[in-house]
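J.: Quick one: sequence and predicted model below, then my questions.
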Amino acid sequence: MSVLKDFERIRDLRKRAAEHERAAADPSLPANVRTRYVLIANHYRVVADGEERAERARFRARATRRIPVRYKIAAE
């Protein structure tokens, strides 16, 4: 995936978590339904955090690639 697609996916997961948290705050719903919304929101948050960590790891891996010798000389 591209960086933009990864960013959009993470943002959408966090948005879904916020929507479920808002739904869980509705006092007119039964307690078991609100609990289910909280659990779903937590799941979305955990998945988003994992995606973000994975994206950072991929970025670090790309950033630490060996720089060709011809570029090192120019940078000095």
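T.: Now that the structure is in, tell me what you want to look at. Residues are numbered from 1 along each chain as shown.
J.: contacts, neighbours, all on C-alpha from now
T.: Noted.
J.: Thr64: neighbouring residues, count only.
T.: A count of nearby residues for Thr64, using other C-alpha atoms under 10 Å, gives 8.
J.: so what pLDDT did it get?
T.: Looking at Thr64, its pLDDT is 72.
J.: Can you tell me how far it is from Gly50?
T.: 21 Å (C-alpha to C-alpha, to the nearest Å).
J.: again with Ile10
T.: 9 Å.
J.: Between these two, which is the more surrounded one?
T.: More neighbours surround Ile10 than the other of Ile10 and Gly50, with 21 against 13 (other C-alpha under 10 Å).
J.: Tell me the confidence at that one?
T.: At Ile10, pLDDT is 94.
J.: does Pro27 belong to a helix or a strand, and which?
T.: Secondary structure from DSSP states H and E places Pro27 outside every helix and strand.
J.: now do Glu8
T.: Going by DSSP H and E, Glu8 is part of helix 3-24.
J.: lowest confidence element among the helices and strands of this protein?
T.: helix 69-75 (a mean of 62; mean pLDDT, DSSP states H and E).
J.: Can you pull the poorly scored residue ranges out of the chain?
T.: 1, 67-69, 71-76 (pLDDT under 70).
J.: how about the nearest residue to the residue positioned nearest the centre of it, chain neighbours excluded?
T.: Closest to where the C-alpha atoms of the chain average out (C-alpha atoms, centre = their mean) is Ala48, at 3.0 Å. Using C-alpha to C-alpha, 6 or more residues apart in numbering and skipping residues adjacent in sequence, the residue nearest Ala48 is Ile10, 5.2 Å away.
J.: Hmm, that neighbour is touching Glu52, no?
T.: Yes. Here Ile10 lies in contact with Glu52, judged by C-alpha atoms under 8 Å, at a distance of 6.8 Å.
J.: Which helix in this structure has the most residues?
T.: Criterion DSSP state H: the longest helix present in the chain is helix 31-63.
J.: Nothing else from me, thank you.
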